[in-house]
Structures are given as C-alpha cells and as structure tokens.
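**Student:** dropping a prediction and its sequence here:
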Amino acid sequence: MRTHESQMRLQRLTVWHFTRSESLNPLLEAADLGFGIGIMSLEVKEKTEVRLVFMGAAGVGKTALIKRFLQDSFDPKHRRTVEELHSKEYEVAGVKVTINIMDTSGSYSFPAMRKLSIQNGDAFALVYSVDDPESLEAVKRLREEILEVKEDKFTPIVVVGNKTDRLQERRVSADDVLVKVELDWNNCFLEASAKENENVMEVFKELLQQANLPSHLSPALRRRRETFPKDMSLRPPMNKTNSCSVS
C-alpha cells in the first residue's frame, strides 16, 4: 500500500482550463468532432466527460501530439513524462464537455499507475514512432494489457504511427501496420506528425467519436466489426495512413 501511495505521489497533474469566452481549437467544435448521437442535442443539458489515454514507448511523441492539440505548438526537445493529466472544458449546444487527456510514462517502472490509467480510460491512443520498430512492439504489449484490464475486446483503441516527417529514417511500413491493426485487431490506424501538424486533429477526432458511442460501441458497430471481411480483396479501399471513420 505504501509503495502504491509513493507511486501515486509521483503523478504530476497539469490542468488546462478553457472557457467559452476563450479561443477554442477548431477541433472542439461539435461539427468537426462529429458528435450527433443525441449527446450534443439542444435538449440535453448535462455535463459530458471523457478520458483519453495516450500510451507508448518513451520518445515516440505522445506529449508532442497532446501539446499540438492543446496549444498548437511543438517542442523538439524530449522531456521525460511520469504522468500528466490535461483537462479541457468547453460548451456546445448547452452541453458542458470535459476532455481529460492522460499523458502516461513511456517507462515500465510504474505498473500500478499504468493499470489505474487503463481502468479510468475511455479511449486509448497507442503511439509508436515510424522510425522505431521496437516502439511498435511496445504498442502490441500495451494493447494486450488494455484488453486484459478492461475485459472488453471492443475497447476504443487508435494506433498512431507518429513522426511521419522523418521520411529518410522510416523503418515501419504503414501497409504492414494497417493490415495488423485493421484485420487482426479490428482497431483504427492513423499516421501523424506532431512536428508538421499532420493528422493530429484526426487522431483526437477519432478518439472522441469512439469514446462517445453508447456503451463504447453500439451493437450495430460491434456486429460490423465482427463480420467485416478479413480478405483485403473483399474490402473497400482505404487510405493507408487513415483507416478510421474520420474524413
């Protein structure tokens, strides 16, 4: 118990508060997010809260993606993260929506903290770097841990290949990851660059869309994922860097 408390004291909470009067990231407009399952209707007067958890090996750019989304900025220096929670609140159509973004450590030194983050998460971004095959292996291990803790194979997960700006250093094929993520895992796959601000909005949009589906996934979508053709030749064409529902 004392060890767990010591680990929790290491948790560093960074909270960003935004009000309606302040300038909002265009991502936070309801039209861009694609909300429309009754949650954002004018008749609903309630507070909606969702927690997005970013996980992955150290140095893959988890913090950079989050900072790009929240502040539209990029810091090329890597700063080691233990755990940080960012909260952003806004109001659309009379509904207060709080997005909690958990930036987790890339270290495996805090298993209790990692498990707690998984338990409290609504949707997960598993980030790897396209120039580091080992970071993709870390994604595989983290996904298995998430499914074990959540006990739900339909847990919303988006696999993100970051640092696409490193064209010459790429060592992970987008096509190979797409096949693995889409066909074997039935999850969403995106490639992005926090540095160049490419596909960052799409990552968060997909996470929010998945997290706000009733019971995480509607029965219809569950059936769709279970019956989607495994043979690539029978499937509709997909953009290899964006296999998700965002457009």
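**Tutor:** Here it is on my side, so go on. All figures in this text were calculated on a predicted structure; none of them were measured in a lab.

**Student:** wait, doesn't residue 80 sit right on residue 58?
**Tutor:** Yes. If you go by C-beta atoms under 8 Å, residue 80 and residue 58 touch, sitting 6.9 Å apart. To be clear about C-beta, it is placed using only N, CA and C from the backbone, and glycine gets the same treatment.

**Student:** looking at those two, which one has more neighbours?
**Tutor:** residue 58 (14 against 10; other C-beta atoms under 10 Å).

**Student:** what residues are up against the closest residue to the more buried one other than its chain neighbours?
**Tutor:** Closest residue to residue 58 apart from its sequence neighbours, by C-beta to C-beta, 6 or more residues apart in numbering: residue 106 at 2.9 Å. Shown in contact with residue 106 (C-beta atoms under 8 Å, 6 or more residues apart in numbering): 56-60, 62, 80-81.

**Student:** any idea which helix is longest in this structure?
**Tutor:** Using DSSP state H, we find that the single longest helix of the chain is helix 133-150.

**Student:** are we agreed that residue 87 is in a strand?
**Tutor:** Yes. The assignment for residue 87 by DSSP: H, G, I helix; E, B strand; the rest coil puts it in a strand.

**Student:** that one and residue 142, how far apart?
**Tutor:** To residue 142, residue 87 is 23 Å away according to C-beta to C-beta, to the nearest Å.

**Student:** ok, residue 244 next?
**Tutor:** 19 Å.

**Student:** coming back round to it: and the contacts of residue 106, which are buried?
**Tutor:** Among the contacts of residue 106, those classed as buried by 16 or more other C-beta atoms under 10 Å are 56-57, 60, 62, 81.

**Student:** next step: those residues restricted to strands.
**Tutor:** Residues of the buried ones among the contacts of residue 106 located in strands (DSSP state E): residue 56.

**Student:** can you put the buried ones among the contacts of residue 106 in CSV and add distance to residue 201 and pLDDT?
**Tutor:** Listed next are the buried ones among the contacts of residue 106 as CSV, based on distance: C-beta to C-beta, whole Å; pLDDT from 0 to 100:
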residue, distance to residue 201, pLDDT
56, 19, 97
57, 24, 96
60, 19, 96
62, 16, 97
81, 22, 73
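
**Student:** which of the buried ones among the contacts of residue 106 sits closest to residue 70?
**Tutor:** Nearest to residue 70 among the buried ones among the contacts of residue 106 is residue 62, at 12.7 Å by C-beta to C-beta.
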